[in-house]
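Peer 1: Just to be clear, the model below is a prediction. Sequence and coordinates:
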Amino acid sequence: MKRSPAIVAALLTGLSLSAAAQAPAAPAGPAKIAVVAFQAAVAQTNEFQRDFGDLQKKFVPKRDQLKALSDEIDGLKKQLQAQGSTLTEAERASRTKAIDDKSKQLQRAAEEAQNDFKQEMQDTYGGVATKVGALLVDYAKQQGYTLVLDGGQQEAAVILYANQSTDITKALIDAYNVKSGIPAPPPQAAAAAPRPASAAPKPAARTSAGH
């Protein structure tokens, strides 16, 4: 069953609220704040990079089909251009229509493939993000953080300064990789993994219990 970004975000928010409601009240004290680049953390986990590599392989046949159709259209255009002067008006019209029909077919197929890939990409990212978000909540509680801010979203960034020691992005990635038990993919596959931006669910920022 596919999960939309909105559903994933809602699950993460619900998880955070539930954890806060069940946690005992903590004594008042100095705030301990951390910063995390959540999208980058999810994208750099071994699990996401593995799944992204599998997704790319899944769409190789579709990409090959689109290329073959594109090459066929290019060939028909070259034939029409080369033989145009020897063809009757009816033949030229027939070939032009065939090229136009195949061009429309290619456009539809490319759009469908792009939409399918985008949706599966969102599902892949959302599935890992949900688990990374849950681990983030546990990690923050274990380390005694009272507030964790996402500094990786440019459109929502309000952090003007943060000491490097407060950045827990790598620690979160390492902790998740250990928990998942998934080994790192080959360097080439890891380098190809993107950092999702448009559909990136993340845990809602919250203070720990009592703050």
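Peer 2: That came in fine, so what should we check first? Note that the structure is predicted; figures quoted are calculated from it, not measured. Residues are numbered from 1 along each chain as shown.
Peer 1: Where does pLDDT dip in the protein?
Peer 2: For the chain, applying pLDDT under 70 flags the ranges 1-29, 153-158, 188-211.
Peer 1: can you pull out the helices in it?
Peer 2: For the chain, helices defined by DSSP state H occupy the ranges 5-22, 38-43, 46-58, 60-83, 89-143, 169-180, 187-192.
Peer 1: Ranking those by mean neighbour count, which comes first?
Peer 2: Highest mean neighbour count of those: helix 38-43, a mean of 24 (counted as mean count of other C-beta atoms under 10 Å). Placement of C-beta: from N, CA and C, glycine included.
Peer 1: Point out the other elements, helices or strands, that it touches.
Peer 2: Applying 3 or more C-beta pairs under 8 Å, 6 or more residues apart in numbering; DSSP states H and E, one finds that helix 38-43 contacts helix 89-143, helix 169-180.
Peer 1: could the ones you listed go into a markdown table alongside distance to Asn163?
Peer 2: What follows is the helices and strands packed on helix 38-43, written out as a markdown table (distance: least, C-beta to C-beta, whole Å):
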| stretch | distance to Asn163 |
| --- | --- |
| helix 89-143 | 15 |
| helix 169-180 | 14 |
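Peer 1: Mind checking those for the one nearest to Pro61?
Peer 2: Closest of those to Pro61 is helix 89-143, at 10.3 Å (criterion: C-beta to C-beta).
Peer 1: For the closest one, name the packing helices and strands.
Peer 2: helix 5-22, strand 33-36, helix 38-43, helix 46-58, helix 60-83, helix 169-180.
Peer 1: Show me the one of those that comes nearest Met121.
Peer 2: Ranking the helices and strands packed on helix 89-143 by proximity to Met121 (C-beta to C-beta) places helix 46-58 first, at 6.6 Å.
Peer 1: Pull the distance from the closest one to the chain's centre.
Peer 2: 11 Å (C-alpha atoms, centre = their mean, to the nearest Å).
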